[in-house]
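> Need a 3D model of the following:
(chains A and B)
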Amino acid sequence: MSGKSKTSWLLVAPLLILVCVGFIIPIGYTLIKSIKNPEVTAALPRTTAALESWSFDGENAPPEAVFEALIADIEQGDRGRNYGSMTRRLNFEESGARSTMMKARRIADKIKAPYAVSLPQTVPEFGDGNIWQLIKQNSNPYTARYLLRAIDLRVTTDGSIVSVPADQAIFVDLFQRTFVISIWVTILCIVLGYPTAFWMSTLSDRAAGYVMLLVLIPFWTSILVRTTAWFILLQREGPINAALLGAGLVDEPLRMIFTRFAVYIAMVHVLLPFFILPLYGVMKRLGMEYVKAAASLGAPPWRQFVTVYLPLSMPGVAAGAVIVFMLSVGFYITPALVGGLQDQMVSYYIAFYANQTINLGMASSLAVLLLLFTAVTIAIVKKLLPETGRGIRA
Amino acid sequence: MKFGTRFTTAAIVAAGLSATAFLPNSADARDLTIVGFGGGYQDSAREHLFEPFEASSGIAVSDDVYNGEMAKVYGMVEAGDVTYDIIMVEAPELVRGCEDGVFAPLDYSVIDKTKFIETAVHECGVGAAGWGVVVFYDKARHAEGPTNLQEFWDTEKFPGKRSLRTGPKITLEVALMADGVAAADVYDVLSTPEGVDRAFAKLDEIKDDIVWWKSGAQPLQFVGSGEVDYAFGYTGRIIRAMGEGADYDMNWNTLFYSVDYWAAVEGSPMAEQAMQMIDYITDAGPLKNQTDVWPSSPANKEINMDPEIQAKNPGMVLNHSDTGLFLNTEFWIANGDDLEARFTSWAAQ
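Numbers count the residues shown, from 1 in each chain, chains lettered A, B, ... in the order given. Take a look at the predicted model:
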């Protein structure tokens, strides 16, 4: 390695390390966590080994050797941490599995061999093959079950993949809702941000500086503060309702907080600078020569805009829209504060699974799918707007 | 060259120093840490339970607040870096955490078991205080409001927003009782699929009028600001707000209650001190001082039965068992996961 390339490597090293530590490793970890399945084997190593030679006939429990293995696993286990994770894992697949497994642990030291007789006498579930099949099915080191559940599918004891019951289905709707909200927020940002950026680009440098300040000041304020401010403004006895009532425009206060409307307003407010700034940068550099040329060739104003100015400014629109869209897809705190339970997006459930129910597999799966769907959406948008890339080089 | 060596030494020392900054604090470097749900209860506990313990034992104590999410506790126990020593938990979380090895068995040679009310002693936890939710509303805004669960559901007679605690626990019991199920039958009905459907069908009736709350401070903010008309809130916080001048009406026959526990986190490097503290903060003496400033309902027999305290403090939930529904811990351990999933799906639609 020459001294020069060594130096250049040294120069990029901090960036490489940052990308690895802050980006590749966490995403890789999340990806792996979404398919990792160590809980059952860790708590029941003997049982899962003994179950390998057993196959479920749809009815009968396995032979005595497997029962002995289970009792040995319970007696040799630690004070419950592995066992607890295992029961949570099984209960996620089949509700009731936790209490069955806990009952087995409570009586394990009180019953005598043959366990194939004595265990089902106290915990009848073990006399049936289903709980054993559940253990066997979930003893692989990797599983697709979390990812399947994240699109409302589950695996039955005979191994087929079916939809979860309608009253438990949630995630397909949730992803749809997340994308619909994000697309609307992006559209609203375009509608509000485009004229603003254009107007700013026509101002003198001094005036543009002041307007820029107006755009940037909210940008510097924390999201939490801005969202809470919207909460106060939008509440039933807040200033907006007071003004509307005072002006006689409405008879009773409008319901604004805890609605989709509030989510849109607060999100657009938070994200608008992310759209205006890149677009303003593009428009500022654009210059009006091409528009003037179009005018001199006789194009009416609307035509100057549609055929000349709009395509030239498109890279700024695309950049801003992509940033706004990607940020809104991952929004959490704003919908959580000003929206109702019907307005929550995927991130809310990622937090719910990570903090509340301690199901990191599910949280990771939702995160992985969100990443995937977002990447696909961006790829599609890029395909649909190929000419914008060429349009910029004027 | 000399400069080079010195520079290297300095760099190594600096690296060593900054590395120690990232290491977890060693065991005796930190305070004994007790964690609760915050609010006025914890303020009064800090003053009358935690600080007196600190003074009498010489063990430095600090307290922290959480919202009942168990993930952090499970995470710290699994990672072996336990920074919470004592934590206040609801009953189902206590039993599950004990089964999962996240809470340590208590040392009953240090903690005196006999002082607790019946049912408030568990392998991994002892009763801290009773808690409950009741319906309340602001009389300054509404001259009349719902006095029972049927009226809470009656949006014709009492139009307006309602607020309930997010999650299936309490919500489903409330729905069934509003639908006419007797308190004694609630869990029998809820144990059947038809009963669960019935509860959700009842909730559908007022779904559009419900604002869900998560932390105990929210229902008081909602009712106080007029955002919500009628809400379930924690009794202690409501009584405290009334004591501070709010003109609220609350109805004890809409009470749903349970007991919160003190549990010791497994793997705590200060387990011994934690046992001492748990024993101290459940003693009648300190608790009596706390009841002077907060309408708490300690799970201590002597306090709970003391006629003087009862007279002074009519808001002790454990003395309202005749009108309230005691939340069934066993039921929620067995069915919590399932109903949580169903509730989440229902609420999101």
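
> quick one, what contacts the closest residue to chain A within chain B?
As assessed by Cβ to the nearest Cβ, chain A sits closest to B:Asp100 within chain B, at 2.8 Å. Placement of C-beta: from N, CA and C, glycine included. Applying Cβ atoms under 8 Å, 6 or more residues apart in numbering or on different chains, we find B:Asp100 in contact with A:Gly80, A:Arg81, A:Tyr83, A:Gly84, A:Ser85, A:Thr87, A:Arg88, B:Tyr74.

> Now flag whichever of those is closest to B:Met316.
Checking the contacts of B:Asp100 against B:Met316 with Cβ to Cβ, the nearest one is B:Tyr74 at 32.5 Å.

> Distance check, B:Ile210 against B:Ser163.
According to Cβ to Cβ, to the nearest Å, B:Ile210 stands 7 Å off from B:Ser163.

> Neighbour count: those two, which is higher?
Using other Cβ atoms under 10 Å in any protein chain shown as the criterion, B:Ile210 and B:Ser163 rank with B:Ser163 on top: 23 against 20.

> secondary structure class for that one?
When classified by DSSP: H, G, I helix; E, B strand; the rest coil, B:Ser163 comes out as strand.

> my guess is it contacts B:Phe222, does it?
Yes - counting by Cβ atoms under 8 Å, B:Ser163 touches B:Phe222, with 5.3 Å between them.

> Shouldn't B:Tyr137 be within a strand?
Yes - with three-state DSSP as the criterion, B:Tyr137 is part of a strand.

> what sits against it?
B:Tyr137 neighbours (Cβ under 8 Å, 6+ apart): B:Gly145, B:Pro146, B:Val223, B:Asp229, B:Tyr230, B:Ala231, B:Tyr248, B:Asp249.

> Not counting sequence-adjacent ones, nearest residue to it?
Leaving out its chain neighbours, the residue that sits closest to B:Tyr137 by Cβ to Cβ, 6 or more residues apart in numbering or on different chains is B:Gly145, at 4.0 Å.

> so where does the one you found fall, helix or strand?
B:Gly145 is part of no helix or strand, with elements assigned from DSSP states H and E.

> Ends of stretch A:18-28, what's the gap?
15 Å (Cα to Cα, to the nearest Å).

> Which residues of the stretch 1-150 of chain B lie near chain A?
For the stretch 1-150 of chain B, the residues in contact with chain A (Cβ under 8 Å from any Cβ of the partner chain) are B:Glu69, B:Met70, B:Ala71, B:Lys72, B:Tyr74, B:Val77, B:Glu78, B:Arg96, B:Glu99, B:Asp100, B:Gly101, B:Val102.

> what's in contact with stretch A:11-27?
Identification of contacts with stretch A:11-27 by Cβ under 8 Å, 6+ apart yields A:Leu371.

> one more time with 6 Å, if that's ok
For stretch A:11-27, there are no external contacting residues (Cβ atoms under 6 Å, 6 or more residues apart in numbering or on different chains).

> Could you give the separation between the terminal residues of it?
Stretch A:11-27 end-to-end distance (Cα to Cα) = 25 Å.

> which parts of the lengthiest helix in chain A are buried?
If you go by DSSP state H, chain A has its longest helix at helix A:171-202. If you call a residue buried by 16 or more other Cβ atoms under 10 Å in any protein chain shown, then helix A:171-202 has these buried ones: A:171, A:174-175, A:177-179, A:181-182, A:184-186, A:188-190, A:193-194, A:196-198, A:200-201.

> Next, count neighbours for B:Ala246.
17.

> Is it in a helix, a strand, or coil?
At B:Ala246, secondary structure determined by three-state DSSP is coil.

> So A:Ala354 belongs to a strand, correct?
No - according to three-state DSSP, A:Ala354 belongs to no strand; its state is helix.

> pretty sure it is in contact with A:Ala363, am I right?
Yes - when contacts are counted by Cβ atoms under 6 Å, A:Ala354 is listed as touching A:Ala363 (4.1 Å).

> With neighbour numbers in mind, choose between the two.
Set A:Ala354 next to A:Ala363 and count neighbours by other Cβ under 10 Å: A:Ala363 wins out with 25 against 19.

> Now for the more buried one: which residues touch it?
A:Ile350, A:Tyr353, A:Ala354.

> Could you dump the residues you listed into CSV with distance to chain B and pLDDT added?
Formatted as CSV, the contacts of A:Ala363 follow (distance: Cβ to the nearest Cβ, whole Å; pLDDT from 0 to 100):
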residue, distance to chain B, pLDDT
A:Ile350, 12, 95
A:Tyr353, 9, 92
A:Ala354, 6, 91
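
> Quick check: closest non-adjacent residue to B:Tyr234.
Using Cβ to Cβ, 6+ apart and skipping residues adjacent in sequence, the residue nearest B:Tyr234 is B:Gly216, 4.8 Å away.

> neighbours around that neighbour, how many?
20.

> before we move on, what about the one 3 residues further on?
Burial of B:Pro219 is recorded as 25 neighbouring residues (other Cβ under 10 Å).

> Show me where the stretch 51-200 of chain B has its helices.
B:51-57, B:71-79, B:91-99, B:149-153, B:171-178, B:186-190, B:193-206 (DSSP state H, counting those that start in this stretch).

> now these as a markdown table including mean neighbour count and distance to A:Gly298?
Converted to a markdown table, those look like this (neighbours: other Cβ atoms under 10 Å in any protein chain shown; distance: least, Cβ to Cβ, whole Å):
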| stretch | mean neighbour count | distance to A:Gly298 |
| --- | --- | --- |
| helix B:51-57 | 16 | 85 |
| helix B:71-79 | 17 | 67 |
| helix B:91-99 | 23 | 76 |
| helix B:149-153 | 19 | 70 |
| helix B:171-178 | 24 | 69 |
| helix B:186-190 | 19 | 77 |
| helix B:193-206 | 16 | 64 |
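
> What segments of the stretch 201-350 of chain A are helices?
Assigned helices in the stretch 201-350 of chain A, in chain order: A:205-220, A:223-234, A:239-246, A:260-286, A:289-296, A:301-303, A:310-329, A:333-338, A:346-351 (criterion: DSSP H, counting those that start in this stretch).

> After the last one, which helix or strand is next?
Note on helix A:346-351: by DSSP H and E, the next helix or strand toward the C-terminus is helix A:360-384.

> Buried residues in that next one, which are they?
For helix A:360-384, the neighbour count (16+ other Cβ under 10 Å) marks A:360-370, A:374, A:377 as buried.

> What does the residue nearest to B:Tyr137 show for phi and psi?
Dihedral pair for B:Gly145: phi -150, psi 180, per degrees, to the nearest 10.

> since we're on it, how many residues are nearby?
22.

> now the closest residue to chain B within chain A: how far from A:Asp78?
Residue of chain A nearest chain B, by Cβ to the nearest Cβ: A:Gly84 (2.8 Å). Going from A:Gly84 to A:Asp78 by Cβ to Cβ gives 10 Å.

> Just want to know which of those two has more residues nearby.
Neighbour count, other Cβ under 10 Å: between A:Gly84 and A:Asp78, A:Gly84 has more, with 26 against 10.

> Ramachandran angles for B:Val265?
With angles defined as degrees, to the nearest 10, B:Val265 sits at phi -80, psi 130.

> For it, list each beta-bridge partner.
Beta-bridge partners for B:Val265, by DSSP bridges, are B:Phe103.

> Neighbours of it, how many?
The burial count for B:Val265: 24, using other Cβ under 10 Å.
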